[in-house]
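A.B. asks: just coords:
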């Protein structure tokens, strides 16, 4: 039997009127093969077409990985002399019968480096972006993927819970971030985290993508922590906001507003609805509270083997939600110079509704 994921790719090739795809190291290659490679000065490319078994072009030093692939592969290897690498690509193109094919690539991932080898090996081929194919390939998660994401969420939640006792007035953002990373790894996260944790206090919390600094916590601060863990290649992505001592009444008000916006956004999704429905559900709460102009980003994004992937939750997105799609709901209010609040959870579309996968307390918490 053809592997289900490979069969899905074959179906998408037909749907997108392509003969093949060329995939370099990244989530799509790992999704199909179970193999992990990294981008480096030596090219690695997987060629998949319906006319032949998948062909993997790779350095000789990586050949030991091939027998661990979840699908059958024809390896084409090359040694360290770059002058010989072109011949490996030429051989792979011949094996795959792609000398005059329409070959789709990931436009945000394939480098000019690999594109140049492909084009020189198949000058009569049409190499073009296949963004819609790759977006759809990993869009709906299967049971194994969802199981891994649930575990990534549990690891992340436990790691933050173990970090909270170290958070107090005088602790720096960098110290909190480092303690959180240690706890993530200690509790079973893979070292390839979805992103470096965001730890932002006081006025820094008004920057949605702040980077931890040496600033130390002060009484009256809001503290935003945005973090995630990794399990079997799948990510979690969560945010919670805490108070350091007694905070300004307006900051407490925007916290309560965001909590309500988060609840509304989490409840809004379902199969057959558009992604825009989720954004509007959260955004309306914030706008009704008078803070619409301080919510400066979309309500959420897809999640899986990448921290940001399809579907994206913004007001004009007519993409239909389907069972197996996983995404974040993360409304925020950011008051420049004063502070910000964001509460983020991970959601999955089920057969009849949606489910919030994350469970860390959203109650207003004073540390």
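C.D. replies: Thanks, I have the structure now. Note that the structure is a prediction, hence the values are computed from the model and not measured.
A.B. asks: When you work out contacts or count neighbours from here on, use the C-alpha atoms and nothing else.
C.D. replies: Noted.
A.B. asks: Tell me how this structure divides into domains.
C.D. replies: 4-137, 143-356 (automatic domain parsing).
A.B. asks: Could you export the ones you listed as a markdown table, including mean pLDDT and mean neighbour count?
C.D. replies: Formatted as a markdown table, the domains of the chain follow (pLDDT from 0 to 100; neighbours: other C-alpha atoms under 10 Å):
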| stretch | mean pLDDT | mean neighbour count |
| --- | --- | --- |
| domain 4-137 | 96 | 17 |
| domain 143-356 | 98 | 21 |
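A.B. asks: could you dump these to JSON lines with distance to residue 366?
C.D. replies: Listed next are these as JSON lines, based on distance: least, C-alpha to C-alpha, whole Å:
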{"stretch": "domain 4-137", "distance to residue 366": "39"}
{"stretch": "domain 143-356", "distance to residue 366": "5"}
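A.B. asks: Looking at the ones you listed, spot the one closest to residue 367.
C.D. replies: Checking those against residue 367 by C-alpha to C-alpha gives domain 143-356 as the closest, at 5.2 Å.
A.B. asks: Between its first and last residues, how far does that closest one reach?
C.D. replies: 16 Å (C-alpha to C-alpha, to the nearest Å).
A.B. asks: before we move on, what about stretch 20-36?
C.D. replies: End-to-end for stretch 20-36, by C-alpha to C-alpha: 21 Å.
A.B. asks: gap between it and the chain center?
C.D. replies: 15 Å (C-alpha atoms, centre = their mean, to the nearest Å).
A.B. asks: swap in stretch 352-367?
C.D. replies: The answer for stretch 352-367 is 20 Å, by C-alpha atoms, centre = their mean.
A.B. asks: Strands of the stretch 101-250 of the chain, residue ranges please.
C.D. replies: For the stretch 101-250 of the chain, the strands defined by DSSP state E, counting those that start in this stretch occupy 102-105, 126-129, 198-201, 221-227, 230-231, 234-235, 238-244.
A.B. asks: how about these in TSV, adding distance to residue 113?
C.D. replies: Below are the strands of the stretch 101-250 of the chain laid out as TSV (distance: least, C-alpha to C-alpha, whole Å):
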stretch	distance to residue 113
strand 102-105	13
strand 126-129	14
strand 198-201	33
strand 221-227	33
strand 230-231	29
strand 234-235	28
strand 238-244	35
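A.B. asks: Quick one: closest of these to residue 321.
C.D. replies: Across these, closest to residue 321 is strand 234-235 (C-alpha to C-alpha), at 19.8 Å.
A.B. asks: Given that closest one, what are its sheet partners and their directions?
C.D. replies: strand 230-231 (antiparallel) (DSSP bridges).
A.B. asks: what does the strand it pairs with contact?
C.D. replies: The contact list for strand 230-231 (C-alpha atoms under 8 Å, 6 or more residues apart in numbering) reads 148-149, 151-152, 188-194, 236.
A.B. asks: what's the distance between the closest residue to residue 150 other than its chain neighbours and residue 330?
C.D. replies: Take residue 150 and drop its neighbours on the chain: the residue closest to it by C-alpha to C-alpha, 6 or more residues apart in numbering is residue 357, 6.7 Å away. Note on residue 357: its distance to residue 330, by C-alpha to C-alpha, is 14 Å.
A.B. asks: intersection of neighbour lists for these two?
C.D. replies: Joint contacts of residue 357 and residue 330 (C-alpha under 8 Å, 6+ apart) are residue 345.
A.B. asks: residues contacting the residue nearest to residue 150?
C.D. replies: 150, 153, 345-348.
A.B. asks: Residue 338 too?
C.D. replies: Taking C-alpha under 8 Å, 6+ apart, one finds 202-203, 206 in contact with residue 338.
A.B. asks: all strands for the stretch 251-367 of the chain, in order.
C.D. replies: Using DSSP E, counting those that start in this stretch, strands in the stretch 251-367 of the chain cover 300-302, 309-313, 326-329, 332-335, 339-342, 345-349, 354-356.
A.B. asks: residues contacting the residue nearest to residue 169 when sequence neighbours are not counted?
C.D. replies: Nearest residue to residue 169 in three dimensions, chain neighbours excluded: residue 217, at 4.8 Å (C-alpha to C-alpha, 6+ apart). Each residue near residue 217 by C-alpha under 8 Å, 6+ apart is listed here: 168-173, 201-202, 244.
A.B. asks: I'd say residue 277 and residue 315 touch.
C.D. replies: Yes: counting by C-alpha atoms under 8 Å, residue 277 touches residue 315, with 7.4 Å between them.
A.B. asks: shared neighbours, those two?
C.D. replies: In contact with both residue 277 and residue 315: no residue, using C-alpha under 8 Å, 6+ apart.
A.B. asks: ok, the residue nearest to the spatial centre of the chain to residue 195 distance?
C.D. replies: Centrality entry for the chain: nearest residue to the mean C-alpha point is residue 307, 1.8 Å, by C-alpha atoms, centre = their mean. Separation of residue 307 from residue 195 (C-alpha to C-alpha): 7 Å.
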